[in-house]
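Asks: sequence isn't available, so here's the structure alone:
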């Protein structure tokens, strides 16, 4: 290679090479920062739940608390019923679980046929129904909260889990329909037609062909509804705040956080109890969920 | 919704098309009924409430429906102290929060786009803030930022030389020095915006990553061969292909942030200059038991959102992008 050629080639390469190197380093720095920012609050949550309040107060800046600080006392304190001197989280877990599971059952049970109809069957008004569901999905929860609050107050249904359950199921339906519909549309129609030619009825086709194929989508929408219901705060606050024995875990944590009598470390144990099921569920089923959440995004 | 349940036996029976249509309505009706009764009905009823004078205290006496309609609640709500502040805070919170969340999501998606060791782990941890219950994460943040017990203030004093704890979530306005200039910043508002970016960037991350991985590889390869630098490839090849998904995210996130209640209520309770409209609605509803004012305010919130969206779709939507 002559000198002239070398001089000519170098500047052309330099910028790309420099950028490549700098970005390569920046990328790892960014990955590190993102990891710290996303994981640290959760580590901190667990860390505080394992120390006693006096230790935390004495050394609030401890990144790695000394081993002799470790204590699991906060968990039994949080879980035990109030009568036994605890905060009663075991009851709140039961409330949350019941409402969330039933919300899944109801909304999926209703949404599967609905989503099938919207994706497969031609009927007058199909588009309108579809638009209606989409617009509800975008509606502010607080707008819905007021009339329901008034209605349930008047009927004396506040402080009742059934009211909450109904609201969760109803508000979950539009998003469930949307997730299921995008999945149904990926199932080749030829399969269903073939079965119909073989003499299967529509309902038979749905039961024997479509539903089995759509299991992953049904799973993922079910999980999604469960997570939303388990995490929900506003409606629980509006409907249940006055009756402690009906509190969900989310509501309980938010209410107890306001009182000075409950030590922060015990509340942190409550926060771990609230978060753990969701995180475990998510990591076990991540593949399903992420696919369902972003269904349609690929089309841009 | 009134599909006649006539058997196929009578007079030739329905055609295949009619049968399909009927089945469609039968399958959709249960969902539709639930949604109409539990969602659409109540939302419409909000309008009714806003034109009445319903108070929580006297609810059992007045009944749910009265016939004297008035605009009093709207007038009272708009003239109440702090109304315009709340609108302004809501706008700032939504615009800045949305932009930050999408920006972070874009960066996050770009850095985990290509495989590396531990990528699955990094990707999964980036979703944590979004999937974790809002009450739990707001509680951790308030504790972390607590002036006495919190780790941030402890570390700040130990390592960064802060002379006294910074009340991140309660101080309305704080003066700081940037390059020798004194500036006042809305501290609590900035904190809740940072929280909102932290909590919702994973949503943008998921969508942008899904789109990135569906992109065809050839244009990028071709640009590389032609000597385009990584930044040029991003600017001229990748970013244009992400415009659609980013526009969609901007609309969705803006809508949700605009109506957001949980995050701010749980972090600050609306104090320290962070009172957004939805928190104000809650205050009217529960704090003052003024049902009609709450309803009027929520309609104003919904209407402003509708206007903003209309303006966006009518005038500002990028060409060729369908949301």
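Replies: Now that the structure is in, tell me what you want to look at. Fair warning: this is a prediction, and the values are worked out from it, not measured in the lab. Numbers count the residues shown, from 1 in each chain, chains lettered A, B, ... in the order given.
Asks: flag the shaky bits of the stretch 51-200 of chain B, pLDDT-wise.
Replies: Judged by pLDDT under 70, the stretch 51-200 of chain B has its weakly predicted residues at B:60-68.
Asks: residues of it that sit close to chain A?
Replies: Counting by CB under 8 Å from any CB of the partner chain, the stretch 51-200 of chain B comes close to chain A at B:54, B:56, B:59-60, B:64, B:107-108, B:111-112, B:122, B:124-129, B:131-137, B:139-144, B:148-151, B:153-155, B:157-158, B:198. Backbone N, C-alpha and C define where each C-beta goes, glycine included.
Asks: SS state for residue B:183?
Replies: Of the three states, residue B:183 takes strand according to DSSP: H, G, I helix; E, B strand; the rest coil.
Asks: who touches it in this structure?
Replies: By CB atoms under 8 Å, 6 or more residues apart in numbering or on different chains, the contact set of residue B:183 is B:175-177.
Asks: among the residues you listed, which ones are in strands?
Replies: Using DSSP state E to define strands, the subset of the contacts of residue B:183 located there is B:175-177.
Asks: going through the contacts of residue B:183, which ones are buried?
Replies: Neighbour-count burial (16 or more other CB atoms under 10 Å in any protein chain shown) applied to the contacts of residue B:183 gives no buried members.
Asks: neighbours of residue 127, how many?
Replies: All of this refers to chain A. Neighbours of residue A:127 under the rule other CB atoms under 10 Å in any protein chain shown: 9.
Asks: you looked at the wrong chain, it should be chain B
Replies: Residues near residue B:127, counting by other CB under 10 Å, number 21.
Asks: contact partners for it?
Replies: Contacts of residue B:127 by CB under 8 Å, 6+ apart are A:282, A:286, A:290, B:202, B:205-206.
Asks: how does it look with 6 Å?
Replies: If you count contacts by CB atoms under 6 Å, 6 or more residues apart in numbering or on different chains, residue B:127 has them with residue B:202.
Asks: how many neighbours does the residue lying closest to residue A:262 once chain neighbours are set aside have?
Replies: In space, and not counting its chain neighbours, residue A:262 is closest to residue A:256: 4.9 Å by CB to CB, 6 or more residues apart in numbering or on different chains. For residue A:256, the neighbour count with other CB under 10 Å is 21.
Asks: tell me the mean pLDDT for the helix or strand hosting residue A:256?
Replies: Here residue A:256 sits within helix A:249-257, counting by DSSP states H and E. Across helix A:249-257, the average pLDDT comes to 94.
Asks: show residues contacting that helix.
Replies: A:92-93, A:96, A:233, A:236-237, A:240, A:262, A:267, A:270, A:274, B:133, B:135, B:139.
Asks: dump the residues you listed to CSV, plus distance to residue B:260, neighbour count and secondary structure.
Replies: Output for the contacts of helix A:249-257, formatted as CSV (distance: CB to CB, whole Å; neighbours: other CB atoms under 10 Å in any protein chain shown; DSSP: H, G, I helix; E, B strand; the rest coil):
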residue, distance to residue B:260, neighbour count, secondary structure
A:92, 25, 26, helix
A:93, 27, 18, helix
A:96, 22, 27, helix
A:233, 12, 22, coil
A:236, 17, 28, helix
A:237, 15, 23, helix
A:240, 21, 24, helix
A:262, 27, 17, coil
A:267, 23, 26, helix
A:270, 24, 29, helix
A:274, 20, 29, helix
B:133, 15, 26, coil
B:135, 14, 28, helix
B:139, 17, 26, helix
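Asks: so who does residue B:90 touch?
Replies: For residue B:90, the contacting residues are B:276-277, by CB under 6 Å, 6+ apart.
Asks: recalculate using a threshold of 10 Å.
Replies: The contact partners of residue B:90, by CB atoms under 10 Å, 6 or more residues apart in numbering or on different chains, come to B:257-260, B:264, B:275-280, B:301, B:304-305.
Asks: quick check: residue A:278 touching residue A:224?
Replies: No - using CB atoms under 10 Å, residue A:278 is not in contact with residue A:224, being 11.4 Å away.
Asks: so residue A:159 belongs to a strand, correct?
Replies: No - assessed with three-state DSSP, residue A:159 is coil; it does not lie in a strand.
Asks: and it, backbone torsions?
Replies: Main-chain torsions, residue A:159, degrees, to the nearest 10: phi 80, psi 20.
Asks: mark out where each domain of chain A begins and ends.
Replies: Domains of chain A are assigned by automatic domain parsing as A:3-72, A:78-299.
Asks: give me the buried positions along the host helix or strand of residue B:85.
Replies: According to DSSP H and E, residue B:85 maps onto helix B:83-111. For helix B:83-111, the neighbour count (16+ other CB under 10 Å) marks B:83, B:86-87, B:89-90, B:93-98, B:100-102, B:104-111 as buried.
Asks: please identify the buried residues of the very next helix or strand once past that helix?
Replies: Where DSSP H and E defines the elements, the next helix or strand beyond helix B:83-111 is helix B:119-131. If you call a residue buried by 16+ other CB under 10 Å, then helix B:119-131 has these buried ones: B:122-131.
Asks: and helix B:119-131 with helix B:83-111, angle?
Replies: 170 degrees (axes from the mean of the first three to the mean of the last three CA atoms, to 10 degrees).
Asks: please compute how far helix B:119-131 lies from its chain's middle.
Replies: Here the centre of helix B:119-131 is set off from its chain's centre by 20 Å, with CA atoms, centre = their mean, to the nearest Å.
Asks: ditto for stretch B:269-285
Replies: Averaging C-alpha positions (CA atoms, centre = their mean) puts stretch B:269-285 16 Å from its chain's average.
Asks: and the gap between residue A:218 and chain B?
Replies: Going from residue A:218 to chain B by CB to the nearest CB, to the nearest Å gives 15 Å.
Asks: please enumerate the helices of chain A.
Replies: Per DSSP state H, chain A carries helices over the ranges A:3-49, A:53-58, A:74-79, A:89-120, A:126-137, A:141-155, A:161-184, A:189-197, A:202-205, A:211-213, A:215-231, A:234-240, A:249-257, A:264-293.
Asks: repeat for the stretch 151-300 of chain B
Replies: B:151-159, B:187-214, B:218-225, B:230-232, B:239-259, B:262-267, B:277-282, B:291-311 (DSSP state H, counting those that start in this stretch).
Asks: ok, now which ones touch residue A:244?
Replies: Counting by CB under 10 Å, 6+ apart, residue A:244 touches A:82, A:88, A:91-92, A:159, A:251-252, A:255-256.
Asks: what's the closest of those residues to chain B?
Replies: Within the contacts of residue A:244, distances to chain B taken as CB to the nearest CB reach their minimum at residue A:251, with 7.7 Å.
Asks: and residue A:15, how far from chain B?
Replies: With CB to the nearest CB as the criterion, residue A:15 and chain B are 5 Å apart.
Asks: what's around that residue, how many residues?
Replies: As a burial measure, residue A:15 scores 14 neighbours (other CB under 10 Å).
Asks: again, but for residue B:18
Replies: Using other CB under 10 Å, residue B:18 is surrounded by 15 other residues.
Asks: same question for residue A:189.
Replies: So residue A:189, with other CB under 10 Å, has 11 neighbours.
Asks: between the two ends of stretch A:255-269, what distance do you get?
Replies: Terminal residues of stretch A:255-269 are spaced 15 Å apart (CA to CA, to the nearest Å).
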